[in-house]
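Colleague: Predicted model and sequence follow; I will ask about them next.
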Amino acid sequence: MSRGWRATRAALACLSAAACLATPAKASSLQWHGYLDLRVAALSPDTQSWTEGGLGKQRFGDGAPGAALGGAAALHWQLSPEWSAMAEFQANTQASPSIGLLAASVRFRPVSTTPWRWSVQAGAFFPQISLENEGVGWTSPWTLSPSALNSWVGEELRTLGAQARVEHRGERGTLDLGLALFGVNDPAGELLASRGWALGDMTSTLGARLRQPDVYGPAIGATAPVRFEPFAETDGRTGVHADAEWRAAGGARFRALHYDNRADPQTSRMQEGRQVFSWRTKFNSAGIDWPLGGNHLVAQWMGGSTAIEPAPDFYLDSRFQAWFVLFGRDQGTWRPALRIDGFRVRQTPDFLEAPLNEDGHALTLALNWRPTPAFRLAIEWLRVDSTRNQRRLSGEAPRQREDGLQLALRLLY
């Protein structure tokens, strides 16, 4: 039984526990919603996508199909005034596995008659980082491809543990504080080191097996295709993240988070015949969502490091940063958006013959048309300009510019 399946089973067990703990005398309600997605895409020049073991920065490309089917569903179960449970599922023909569980948790939040309110949540859920991907299945209402920052969060990060939150609701706004303890995410950071940043809506389910660049295989003594499970426990340590959010009465939101998986970088476990190390991943993030009439300004920043120690006195550290600024306008049935991304990775020690350094930026233009609540048509143009010396290993120029065009028909329910 894989560790990814164990994580999935543990998350589902939370839903069963919720049903047992809720007060039987209280009436419960079940709500569900989701979407079906048909996607067609083209990329110029036709570089090999990271989904097919290449070093391209977009979801579609050479070797990756130019069309895909997908969808997601979210269930929310209000078992009593105090107890609730949720689960999110995803289907994606490009993912491995193609159908799986994204998140499942149970929450206890007592009814409060004062400005203070607290809650406890347990299971598998996304850390409270994104101000962009807040839709069903870690999707954005503005674009098809998330920012580089939130693309990575969706691929490699998940909180499998418990979280306590406390809120204070005042006349000027609400202050929301959270503290979480988690495990089963020790390999998180391996993609940033081995592949770098990417932009795409390839959110990982709890049993996911993520593909790394084919050129990375020989460097670690593995044969392509090389895959790993990001949701695995290796060292027995408990990770922690803490966040704070201010929601102003006028609708503006400010959010900050500190994350540290506290992994032991000397530990590893065998996955598919090779050693997968625990990556000590820690970072800070901050963001703002500011409504301006019918407009929205969303901006986020993240900076940190991820490291392993595969041999005594050899500490391989990858320092990373990413940011984006998004401007969107809600014009009734139309929703245009413009986003600018920046990202970088610096690997140390600097005496390495070919450190996996990276610099890049991206520009996204998207237009959404939603004439009815059940129908969304979206078109997106994404340009990514990146420099990564790792491309020399496959005979490519370090700098590449990719222009991607996507069209999505989404049916919502």
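Modeller: Received, thanks.
Colleague: would you list every one of the helices in the stretch 51-200 of the chain?
Modeller: Along the stretch 51-200 of the chain, the segments classed as helices by DSSP state H, counting those that start in this stretch run 148-156, 190-194.
Colleague: so where's this structure uncertain?
Modeller: For the chain, applying pLDDT under 70 flags the ranges 1-27, 350-354.
Colleague: Name the nearest residue to A42, sequence neighbours excluded.
Modeller: L405 (5.1 Å; Cβ to Cβ, 6 or more residues apart in numbering). Glycine gets a C-beta too; all of them are placed from N, C-alpha and C.
Colleague: Tell me which of the helices of the stretch 51-200 of the chain sits nearest to R329.
Modeller: helix 148-156 (20.3 Å; Cβ to Cβ).
Colleague: which helices and strands does the closest one pack with?
Modeller: Here helix 148-156 touches helix 190-194, strand 295-311, strand 314-329, strand 334-348, going by 3 or more Cβ pairs under 8 Å, 6 or more residues apart in numbering; DSSP states H and E.
Colleague: Can you say which of the ones you listed is packed in most?
Modeller: Of the helices and strands packed on helix 148-156, the one with the most neighbours on average (mean count of other Cβ atoms under 10 Å) is helix 190-194, at a mean of 24.
Colleague: Determine the next helix or strand in the C-terminal direction from that helix.
Modeller: strand 210-211 (DSSP states H and E).
Colleague: what residues does that following strand touch?
Modeller: The list of residues contacting strand 210-211 from outside it, by Cβ atoms under 8 Å, 6 or more residues apart in numbering, reads 50-53, 96, 155-156, 191, 204, 225-230.
Colleague: Also stretch 240-254?
Modeller: Contacts of stretch 240-254 (Cβ under 8 Å, 6+ apart): 127-129, 131, 159, 171-182, 255-260, 262, 286-291.
Colleague: Buried members of those residues into ChimeraX, please.
Modeller: In ChimeraX syntax, the buried subset of the contacts of stretch 240-254 is picked out as below (16 or more other Cβ atoms under 10 Å):
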select :127,128,129,131,159,173,174,176,178,180,182,255,256,257,259,262,286,287,288,289,290
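Colleague: how close does F320 get to R39?
Modeller: Separation of F320 from R39 (Cβ to Cβ, to the nearest Å): 28 Å.
Colleague: And for W77?
Modeller: 30 Å.
Colleague: Who's the closest spatial neighbour of the residue positioned nearest the centre of the chain, skipping the chain neighbours?
Modeller: For the chain, G154 is the residue whose C-alpha lies nearest the centre (Cα atoms, centre = their mean; 1.5 Å). Using Cβ to Cβ, 6+ apart and skipping residues adjacent in sequence, the residue nearest G154 is T203, 3.9 Å away.
Colleague: Angles on the backbone of the one you found, please.
Modeller: Main-chain torsions, T203, degrees, to the nearest 10: phi -70, psi 140.
Colleague: Against D341, how distant is it?
Modeller: T203 is 18 Å from D341, by Cβ to Cβ.
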